[in-house]
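Student: build me a structure from this.
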Amino acid sequence: LLEAGAQLEAAREFLHHPLTPGQNALFDQLLAAAETHTTNGQAVTITAIDGGDTDEELSTLAHKLRDTLEPAALFMLVNLHGHEPRVQLIARSTTTNVDVGAVATHFGGGGPGRAAAALIRDRSLDDVRADLIACLPDYVRPVATVAQIMSHGVQTLSPDTTVREAAARFKKYSYEGYPVVAGGRVLGLLTRRAVDRATHHHLDAQPVSAIMDAGEVTVKPTDSLEHLQKLMTTHGWGQVPVVDNGNVIGVVTRTDLLKRLATPVKPPRRNLAEQLATALPPERLALLHLVSDEAAALNVSPFIVGGFVR
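Tutor: As a prediction, this is how the structure comes out:
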């Protein structure tokens, strides 16, 4: 577009409208009413207000709320008065794990996976909100957890193990770190680097408790990988013990996390045949089948673009 003469300043003028006084007032109400629910490990924000007789454009407010609160998904409900009372639902998602389009379809609307809307008639705001909260688990995919990438079973060291004994253990098993545990409680992490440094300074007889990275840094099998990543970044631990019911049951390493993050998880393919059959008039559906048959005969792939969303 730039090569064709497009002007960025002109684009910005149309893309970033300042909020009107009416929109600002609505935004303040929506922000004050916002509640965050954790569903299948995902942070989902729901805000519901009575918009009265407003005729302000609402989708801009949804974008601004999403950027301000940064949830995995945002659902904005505005009760509108006028000659035909209704509830306007506007939804935005920042992850493929929350299909807001499917949620909007549940309420008679629709849209792609990350941006959707529905106009809901003959239902109260409280009723719609309660229905939304109840149906969320059906449309929010669980986040990846520590249990999916951890190694079960873990070798640990007691705090009175000598540096010499620990060095022999590192040489034998080539591990990068050992949790230091006493009475089932994690006291710290002993790294190969710390042992090498202590050996260089002839501290072989010292207990590992004197050179370990002290701290009770652990995760649960049900913790999200996002939580694990923040923990590793904050404390600098490359190996984090996994604790369940007070017992160290395994370990998860920085390498485990990087392997998972480097392997994108493909979302399951959706079969839209039934949805198309329900949504399209019979003559349009028949035309679509004709196009599909012709495409198959020509060995090409047909694509539906644009209008079906609208």
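Student: ok, Leu58 touching Met76?
Tutor: Yes. The pair Leu58 and Met76 passes the contact test of CB atoms under 8 Å, sitting 7.2 Å apart. (C-beta placed from N, C-alpha, C; glycine too.)
Student: more neighbours: which of these two?
Tutor: Applying other CB atoms under 10 Å to Leu58 and Met76 shows that Met76 carries more neighbours, namely 25 against 19.
Student: which secondary structure state does that one sit in?
Tutor: strand (DSSP: H, G, I helix; E, B strand; the rest coil).
Student: got it, and Gly250?
Tutor: strand.
Student: show me the common contact partners of Leu58 and Met76, please.
Tutor: By CB atoms under 8 Å, 6 or more residues apart in numbering, Leu58 and Met76 have these common neighbours: 88, 90.
Student: what's around the closest residue to Ala102 other than its chain neighbours, how many residues?
Tutor: Using CB to CB, 6 or more residues apart in numbering and skipping residues adjacent in sequence, the residue nearest Ala102 is Tyr139, 5.0 Å away. For Tyr139, the count of nearby residues is 22 (other CB under 10 Å).
Student: next one: Tyr139, what pLDDT does it get?
Tutor: pLDDT, the model's per-residue confidence, is 91 for Tyr139.
Student: do the same with Val309
Tutor: The predicted local confidence for Val309 is 49.
Student: buried residues in the longest helix seen in the chain, which are they?
Tutor: Counting residues, the longest helix found in the chain (DSSP state H) is helix 282-298. Applying a neighbour-count criterion of 16 or more other CB atoms under 10 Å, the buried positions in helix 282-298 are Leu288.
Student: give the other helices and strands that that helix contacts.
Tutor: With contacts defined as 3 or more CB pairs under 8 Å, 6 or more residues apart in numbering; DSSP states H and E, the packing partners of helix 282-298 are helix 273-279.
Student: roughly how far is stretch 164-178 from the heart of the chain?
Tutor: Using CA atoms, centre = their mean, to the nearest Å, the mean C-alpha position of stretch 164-178 is found 37 Å from that of the whole chain.
Student: same deal with stretch 2-19?
Tutor: Computed by CA atoms, centre = their mean, the separation of stretch 2-19 from the middle of its chain amounts to 30 Å.
Student: try stretch 286-301
Tutor: Distance, stretch centre to chain centre, for stretch 286-301: 37 Å (CA atoms, centre = their mean).
Student: same check on stretch 290-308?
Tutor: Put simply, stretch 290-308 sits 34 Å off its chain's centre (CA atoms, centre = their mean).
Student: give me the contact list for that stretch.
Tutor: The contact list for stretch 290-308, computed with CB under 8 Å, 6+ apart, reads 276, 279, 288.
Student: so the last one makes contact with Ala279?
Tutor: No. Leu288 is not in contact with Ala279 according to CB under 8 Å; the separation is 11.1 Å.
Student: what about the helices in the stretch 51-200 of the chain?
Tutor: If you assign secondary structure with DSSP state H, counting those that start in this stretch, the helices in the stretch 51-200 of the chain sit at 59-69, 100-106, 125-139, 163-173, 192-200.
Student: average pLDDT for the second one?
Tutor: Helix 100-106 shows a mean pLDDT of 93 in the predicted model.
Student: so what secondary structure elements neighbour it?
Tutor: Using 3+ CB pairs under 8 Å, 6+ apart as the contact criterion, the elements in contact with helix 100-106 are strand 73-80, strand 86-93, strand 115-121, helix 125-139.
Student: so can I have a markdown table of these showing distance to Glu294?
Tutor: Formatted as a markdown table, the helices and strands packed on helix 100-106 follow (distance: least, CB to CB, whole Å):
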| stretch | distance to Glu294 |
| --- | --- |
| strand 73-80 | 39 |
| strand 86-93 | 36 |
| strand 115-121 | 32 |
| helix 125-139 | 35 |
